[in-house]
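Q: Return a 3D structure for these sequence lines:
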Amino acid sequence: MQKYDYEILNYWNDNDDLYVDYVVTNKETDEQAHACTLLNTDMIEDYISKSNIDDELISIISKSDGNEFNLPKTSELHKITYDIFKELCDSDNNMLWVEEYDDFERLNLNDNTYKLLYEDINKYHLNDYFEQTGKTLTVYGGLQCCFNDDLARGDNYER
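A: All right, here's what the predicted structure looks like:
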């Protein structure tokens, strides 16, 4: 009997990348982890029909053997980092650009909160997912795959 149960919530293509949003449940403790992984589409066989892709994706992600529970939890992030993470997850672009005054105001990104964001970037080794160019902050889609999103996001978990 497998210790973990995997449920695919959503998946989407971005160029040659396939993002898979899922929940894994530890059957012994009922603990859940909400994770996202990034797969190269070469890992998914071309012959897989739409009707059985969930099974194939579960077959691939279940090889992680519960490592989702070892990911840092979003509840451990500073609010600014979580707000950026959440906005990225809700984005259709798999990238986020914070560049206009309205963006900074909406996210409450100022000198103080930027310091908190920088702390999280260093603490969780997120340098590859953030790029500052002038007054534009670019956040890359892979950030979605760095955390166990343990914060309540309403009734609908799906990204």
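
Q: for the chain, where's the lowest mean pLDDT among helices and strands?
A: helix 53-61 (a mean of 87; mean pLDDT, DSSP states H and E).

Q: Which neighbouring elements make contact with the following helix or strand past that helix?
A: Downstream of helix 53-61, the first helix or strand assigned by DSSP states H and E is helix 79-90. On a contact count with 3 or more Cβ pairs under 8 Å, 6 or more residues apart in numbering; DSSP states H and E, helix 79-90 meets strand 95-98, helix 111-123. Where C-beta positions appear, they are placed from N, C-alpha and C, glycine not excepted.

Q: On the three-state scheme, residue 7 is what?
A: Under DSSP: H, G, I helix; E, B strand; the rest coil, residue 7 falls in the strand class.

Q: Not including adjacent chain positions, what is the nearest residue to it?
A: residue 23 (4.9 Å; Cβ to Cβ, 6 or more residues apart in numbering).

Q: Please, which helix or strand holds the one you found?
A: Under the criterion of DSSP H and E, residue 23 resides in strand 17-26.
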